[in-house]
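A.B. asks: Need a 3D model of the following:
(one chain, ligands or ions: 1)
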Amino acid sequence: MSDQRGKEGKQGLTRRQFLNYALGGTGAFMAATIAAPLVPFAIDPLTRSSGGNFFDTGIAEADVKSDFPLMAEFKVHRKDGWVEENVKVRAWLIKDEAGQVLAMSPICTHLGCQVAGSVDASGNPEPSKDGEWWFHCPCHGGRFTVHGINDPAKPPQRPLDVYEVKIEGGKVMLGNLKQRKV
Ligand code: FES
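C.D. replies: Okay, the predicted model is just below:
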């Protein structure tokens, strides 16, 4: 009889262990399955690409002007979970007062519409005069200087976000997007 109980106890323990392992393993697998595709959304679109942290804009540093911004448009290969695609990225490039390249996001910091730059009658970018608002947002009248500083009297309450910039082989490379301190 005590032998029988001993056997059952041993069997019961084994079953419990098996259930613990099985349930624990299934839970961990399900958590990993749900969390894995979400990880890339926690970081910037540029760093979501499979090609490293900085991306070539195709624009030479020497071509970046200091009186009005140039639009850089390039594709980044991105892999999010099961989705793999080439994403179009845009940035406005200008040289700041110190001669460094400043790369601004075209996304308005109010509600996310795309800002556009000032152009002359022929559609060419207009050099900015001192203190002039150069970027305009079509949604709620937001406006920014050539360096992306917002007009505080309008809805956007912070400057345009900027990309990390690195110059490699004379070309402008962009990294993470970050907010500027107001
Ligand atoms: S989204 Fe640009 S002003 Fe509102």
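
A.B. asks: Near E73, how many residues? Count them for me, please.
C.D. replies: A count of nearby residues for E73, using other C-beta atoms under 10 Å, gives 12. Glycine gets a C-beta too; all of them are placed from N, C-alpha and C.

A.B. asks: and if you look at D67?
C.D. replies: Counted with other C-beta under 10 Å, residues neighbouring D67 total 13.

A.B. asks: show me the contacts for it.
C.D. replies: Counting by C-beta atoms under 8 Å, 6 or more residues apart in numbering, D67 touches 127-128, 146.

A.B. asks: got the residue ranges for the strands in this protein?
C.D. replies: Remark: strands assigned in the chain by DSSP state E are 55-60, 70-80, 83-95, 101-104, 116-117, 135-136, 143-144, 162-168, 171-178.

A.B. asks: Next, count neighbours for D80.
C.D. replies: D80: 15 neighbours (other C-beta under 10 Å).

A.B. asks: for the strands of the chain, which one sits closest to P152?
C.D. replies: Evaluated over the strands of the chain, closeness to P152 peaks at strand 143-144, with 10.5 Å, by C-beta to C-beta.

A.B. asks: helices and strands around that closest one, which ones?
C.D. replies: If you count contacts as 3 or more C-beta pairs under 8 Å, 6 or more residues apart in numbering; DSSP states H and E, strand 143-144 packs onto strand 135-136.

A.B. asks: which non-adjacent residue is nearest L102?
C.D. replies: Closest residue to L102 apart from its sequence neighbours, by C-beta to C-beta, 6 or more residues apart in numbering: D96 at 4.7 Å.

A.B. asks: Can you tell me how far the one you found is from the ligand?
C.D. replies: 23 Å (C-beta to the nearest ligand atom, to the nearest Å).

A.B. asks: What's the separation between that residue and E164?
C.D. replies: According to C-beta to C-beta, to the nearest Å, D96 stands 14 Å off from E164.

A.B. asks: who's more crowded, those two?
C.D. replies: The neighbour count for D96 versus E164, taken as other C-beta under 10 Å, is higher for E164 (16 against 11).

A.B. asks: residue contacts, that one?
C.D. replies: 54, 174-176, 178 are the contacts of E164 under C-beta under 8 Å, 6+ apart.

A.B. asks: Which pLDDT value goes with it?
C.D. replies: Per-residue confidence at E164 stands at 96 (pLDDT).

A.B. asks: How about N124?
C.D. replies: Listed pLDDT for N124 reads 86.

A.B. asks: next one: R180
C.D. replies: R180 is given a pLDDT of 92.

A.B. asks: how close does it get to the ligand?
C.D. replies: For R180 relative to the ligand (C-beta to the nearest ligand atom), the value is 16 Å.
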